[in-house]
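Q: sequence and predicted structure below; questions after.
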Amino acid sequence: MLALASSALGGCKRKPADGTAAGAADGAAGVDPDGGGEVVTLTVPDAGAGAAAGLTLYALSLSTPVMNAPDLAPRDPSKASDERKGVTRLGSLRKGHTVAVKPEVVKNASCPEGWYELLPLPGAPPGMEHAFVCGKYATLDAGDKLLKTAPHAPNMDGPLPYDYGLNLVNGAPIYRGRPLRSERQEYERGLAVGRASPAASTSGDGSGGEQAWYLAHKDRSQVSMGDLKGDGIIAMRMVKGFYLALDKEIHGYAGVFWRTTDGMVVPKDFVLVHEPKVEFEGVWLDAPGETRHLPLGWITNPHVRKYSFDDERGMRPHEHVSRFSIVQLTGQKRVFDHQSYWETAEGWWMREMDGTITNPGPPPRDLAPGERWIDVNLGRQSLVAFEGDKPVFATIVSSGRHDDDDPAKDHRTHPGEFRIVDKYVSATMDNDTATDGPYSIEDVPWIMYFDGSTALHGAFWHSRFGHERSHGCVNMTPHDARQLFGWVGPVLPDGWHGAHATEVNPGTRVIVHDDGRSAAESKR
């Protein structure tokens, strides 16, 4: 969930942040000699000889902003005072994350609760020596009741930062807290799955009014995100196919539930837990012992065969080759019977319609020596990461589906030269689309925004890599996305959940282009 503007229809919509207030600490007051507000000096517990003289601050908001100064960034820097023109957001912490802070707190008009300055940041790049969190979104109290629903720390070493679950039923409720048995009987009446009786209901939401959309069996294209909003203990009614990010299983008199990473509660009966698997991994071309190099080919379709060529019989099919096999290509291409084939280093030929290949464009003209940049080829659905003119990583992706005939179905990823402006360990993406209806995926992993709401990110809900698939973003396997996430700028300091590109912590350049491959070929 991000405190950023959402995109127009067709992109990967960012969900707004959930700000949460926190109390300020007591201490001795003074006056900031620079006129920045009142300074409060806090008492630091004795941590022993050699320990840092700091306090532990707990983030209370699902997306707790971190600033480079004790102030808020101006909406329009051109109209801001000289003192505020340089104020910017450095990144964010997730609810429950802890950081060490200095014992002086600056209270001013932008944050009466007080700004806490972080101690030197492990893993932070030069130029980020100062970082501040407003006490409105954090607390020094480890026993704060809001921390009881803080999610566990993300898994930064595996393909996915959290566990995920698929909602199986239209109308399944997301509760704001654990419901009573009577509330479950009332609000889950008429649903196809659950502990309550499946008897018919006029509304299914206890209102006794017009029949609810999920009991009227409306097609999802007839439903909007606004129709899903709940009331009282119900935060939302889900559409079948929504994905939840799961924090922990909780048991109670009313049944067994999943608590989600945003602190909500969903009956376990409605959720199918996702089983992650790594179907293939991209190639780090500079890894020790790695002999593969560009060009590479990927088999992206099932039921594919190897081919041989001779002058008399032309191309002849042979044994099968597995989907997502990565093959070393020689760069030689043949056309036979209106079909294109690529020669492999093993001597057989890969039919072009059975897969895709790497075909990056030229490096940017103003590229600095050794500068990192990413090439995304929409026609080939491939991605290559470079250091200067040296390719170091290659994989396949799924970009936005395009439709030249129906604008409502056109979710294409736009070509251009960009830079990564924000990256997040995870964030929720949801939206309404004219043809597909609403969608929601909580805590989409390893997000790297580069063009408004368009991002590189991991996708665990499909395996159509090598083919157009998304609502505009560039999907990667979670494994590949995590690998790239750690490689690109901006640098994410240890323990942070998000990082914003700044002059001292720039984002990696992303070049998106189309090599002219036909729409028919790219959709196969």
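A: In hand now; what should we look at?
Q: ok, residues contacting the helix or strand R237 falls within?
A: Using DSSP states H and E, R237 sits in strand 234-238. With Cβ atoms under 8 Å, 6 or more residues apart in numbering as the test, strand 234-238 has contacts from 167, 169-176, 187, 205, 212-214, 227-230, 264, 270, 440. No exception for glycine: its C-beta is placed from N, CA and C like everyone else's.
Q: which PyMOL command selects the buried ones in the residues you listed?
A: In PyMOL, this line selects whichever of these come out buried by 16 or more other Cβ atoms under 10 Å:
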select buried, resi 167+169+170+171+172+173+174+175+187+205+212+213+214+227+228+264+270+440
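Q: inside strands: which ones of the contacts of strand 234-238?
A: N167, A172, P173, I174, Y175, S440 (DSSP state E).
Q: so M429 touches C12, yeah?
A: Yes. Assessed by Cβ atoms under 8 Å, M429 is found in contact with C12 at 5.0 Å.
Q: list the residues that contact both of the two?
A: Both M429 and C12 are contacted by V444, under the criterion Cβ under 8 Å, 6+ apart.
Q: hmm, back to that, what about the strand holding R237, average pLDDT?
A: In this model, strand 234-238 has a mean pLDDT of 96.
Q: can I get stretch 138-157 in PDB, CA atoms only?
A: Extracted in PDB, the C-alpha atoms of stretch 138-157 (Å, rounded to 0.1, in the frame of the first residue of the first chain):
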ATOM      1  CA  ALA A 138       5.500   5.600  15.000                       C
ATOM      2  CA  THR A 139       5.900   4.900  18.700                       C
ATOM      3  CA  LEU A 140       8.600   4.200  21.300                       C
ATOM      4  CA  ASP A 141       6.100   1.900  23.200                       C
ATOM      5  CA  ALA A 142       6.800  -1.700  22.400                       C
ATOM      6  CA  GLY A 143       3.500  -2.600  24.000                       C
ATOM      7  CA  ASP A 144       1.400  -0.300  21.800                       C
ATOM      8  CA  LYS A 145      -1.900  -2.100  21.000                       C
ATOM      9  CA  LEU A 146      -1.500  -1.200  17.300                       C
ATOM     10  CA  LEU A 147       1.600  -3.400  17.100                       C
ATOM     11  CA  LYS A 148      -0.500  -6.500  17.900                       C
ATOM     12  CA  THR A 149      -1.700  -6.700  14.300                       C
ATOM     13  CA  ALA A 150       1.700  -5.800  12.800                       C
ATOM     14  CA  PRO A 151       2.700  -8.500  10.200                       C
ATOM     15  CA  HIS A 152       5.800 -10.600  10.500                       C
ATOM     16  CA  ALA A 153       8.900  -9.300   8.800                       C
ATOM     17  CA  PRO A 154       9.100 -10.200   5.100                       C
ATOM     18  CA  ASN A 155      11.300 -13.100   3.900                       C
ATOM     19  CA  MET A 156      14.000 -11.300   2.100                       C
ATOM     20  CA  ASP A 157      15.800 -14.400   1.100                       C
END
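Q: could you shift the numbering so residue one becomes 514, and keep it that way?
A: Right, with 514 as the first residue, what we last looked at is stretch 651-670.
Q: now do the buried residues in it.
A: For stretch 651-670, by 16+ other Cβ under 10 Å, it's A651, T652, L653, D657, L659, L660, T662, A663, P664, P667.
Q: who are the contact partners of the residue nearest to D935 when sequence neighbours are not counted?
A: Leaving out its chain neighbours, the residue that sits closest to D935 by Cβ to Cβ, 6 or more residues apart in numbering is Y962, at 4.6 Å. By Cβ under 8 Å, 6+ apart, the residues touching Y962 are R527, I933, V934, D935, K936, A968.
Q: 10 Å instead, please
A: 515, 517, 520, 525, 527, 931-937, 940, 968-970, 986, 1011, 1013-1014, 1020, 1023 (Cβ atoms under 10 Å, 6 or more residues apart in numbering).
Q: restrict stretch 804-813 to CA atoms and write it as PDB.
A: Coordinates of each C-alpha in stretch 804-813 appear next as PDB, following Å, rounded to 0.1, in the frame of the first residue of the first chain:
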ATOM      1  CA  THR A 804      29.400 -20.300 -19.900                       C
ATOM      2  CA  ARG A 805      26.100 -19.200 -21.500                       C
ATOM      3  CA  HIS A 806      26.000 -15.900 -23.300                       C
ATOM      4  CA  LEU A 807      23.700 -13.900 -25.500                       C
ATOM      5  CA  PRO A 808      21.800 -14.700 -27.600                       C
ATOM      6  CA  LEU A 809      19.600 -17.000 -25.500                       C
ATOM      7  CA  GLY A 810      16.300 -18.700 -26.300                       C
ATOM      8  CA  TRP A 811      13.400 -19.700 -24.100                       C
ATOM      9  CA  ILE A 812      10.900 -22.400 -24.900                       C
ATOM     10  CA  THR A 813       7.600 -20.700 -23.700                       C
END
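Q: which residues of the stretch 514-663 of the chain score low on pLDDT?
A: Applying pLDDT under 70 to the stretch 514-663 of the chain flags the ranges 514-524, 526-549, 556-566, 636.
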